[in-house]
Each structure stands twice: as structure tokens, then as C-alpha cells.
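Q: quick one: sequence plus predicted model below, questions after.
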Amino acid sequence: MHSVTLNAVRDTLIHPPDNGAAQPISRQALHHAVMDRLRKMITEGALLPGAHLNERALCEQLGVSRTPLREALKMLAVERLIELLPNRGARVVTLSASDIADAFELLSGLEALAGELACERMTQAEIDEIQALQSAMDACHANGDLSGYFDFNQRIHDCINAAARNPALTQMYQSVNRRLQALRFRSNLHAGKWEQAIDEHSAMLRALHQRDGAALGRLLRGHLMVKCATVLASMRAAA
């Protein structure tokens, strides 16, 4: 159920949430924690495409030394979220329009295949888990919590992918999806597009309950290509 507030701003822009980047990170598993925090900052727009990463500022912001920060940057470079520049530090990767179109096209195919396989292979317990995640995601949407919504959204897509029981598919999906997470997040900044995504997820859940793999595959492919069109349209408008 949509909140009155969201209905009142259906066609307005949603402001990105506070990503909590200023909170110090626990000393345990530091470089993994730093990597997760930086990935979230990139996803939610605290670190924009092309932004130079100031190591001293990030160390102060995250409450860590340079060693775990640099380890995290190396791992993010492997994921192709940042570029390591010889003698010039690092910067957030900028994707061209063709990069974005190609990546979304590939990801939509991977998600469609995962949906088809998941309908054949997933257990009822896994469907129940996705149902619970959908309810939590809907609650975040009703409260205007885009960060929480996106976290639950990604868990739903990850659960569908895991239920496909194909490790090679999952590995490729995760690699491509990480490059597009920031764009997928920002595609929901417009209230109308966000509500469209909610409706699409409701249809996906119905297909899961019916174990209709062909329908779920079509819905997932279309869901991703709508996001691609939204992102490319925003790029053209900004240009």
C-alpha cells in the first residue's frame, strides 16, 4: 500500500538517503567492511562517477588507516567499480551510454534465465523467503526509505539467482550487477519510476508462486530494460 506522501509526490524527484558514511567501521574484517561501505557510497551517489578518491579524507571519514582502505580499493578495482591510476590515486569508474546499454542487455538475459531456472528448482521455503522480503521492501517504499527498499530489492534478485542453482550463472550475474548497482539505485529517484518497479515486483512474485518460468523470465528481462531506458534518458537529459 502506498503512503499518502508518496502519492502526493508521484512525479517528483526522491532525494537520495543519508548513507551513514561518517559512522566508524568496526576493526574486524576491516578491508571487507571498507569495501562494502565504499560500494554503498558509490551505489547511493555519495561517490559519483569520475570522482577522485582522496585517501586521507576517506580514512578520516571511515575511521580506518590507509592499509585496509588500499586493500578495499584494489578489490573494488577488480570489480571495475573504480580505476587505479598510476601515481594519481583512484577514481570512480564512469560508464558510457554504450557501456550501460551493453551491460543492462547482458544482465537482463542473465536475470531472465535465472528466473526460468528458479521456478523449476526453488523450494517453497525459498518462495516464502522472497515473499517476506517483498513485504519488507513494500514497507520501505511506503515509508519513502529508498536505501532500505534497494537493499531488500537486491536481496530478492539475489535469492532468485541463487535458487537457479547454477554457480556459473551466479558468478557472472554478480560481476555484471555490481557495475550497474548505482544506476539501478538512481533509476528509482523518480517517484513514478519507483512505483512502476513496485508493480513489476508484485507481478514477479505472482509468477514465482505459480512457478511460471516463462512469465518470470519475461518480467525480469522487461524490468531490467525499463531501468536501462530510464538511465539512458536521464543521461541524455543531463547532457
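A: That came through, no problem. All of these numbers come straight from a predicted model, not from anything done at the bench.
Q: centroid residue for the protein?
A: Of all residues in the chain, the one closest to the mean position by C-alpha atoms, centre = their mean is residue 181, 3.4 Å from it.
Q: mind checking the SS state of the spatially most distant residue from the centre of the chain?
A: Residue farthest from the centre of the chain, counting by C-alpha atoms, centre = their mean, is residue 87 at 30.9 Å. Put simply, residue 87 is coil when judged by DSSP: H, G, I helix; E, B strand; the rest coil.
Q: and what of the one 4 residues further on?
A: For residue 91, the assignment made with three-state DSSP gives strand.
Q: what's the neighbour count on it?
A: Residue 91 has 16 neighbouring residues, counting by other C-beta atoms under 10 Å. In short, each C-beta sits where N, CA and C put it, glycine included.
Q: for residue 155, same thing?
A: Neighbours of residue 155 (other C-beta under 10 Å): 15.
Q: dump the residue contacts of it.
A: Residue 155 sits next to residue 133 when contact means C-beta atoms under 8 Å, 6 or more residues apart in numbering.
Q: local confidence estimate at residue 86?
A: Residue 86 carries a pLDDT score of 88 in this model.
Q: over to residue 2?
A: Model confidence at residue 2 (pLDDT) stands at 42.
Q: swap in the one 10 residues further on?
A: At residue 12, the model reports a pLDDT of 39.
Q: got it, and the one 3 residues further on?
A: As summarised for this prediction, residue 15 has a pLDDT of 46.
Q: good, we can wrap up now.
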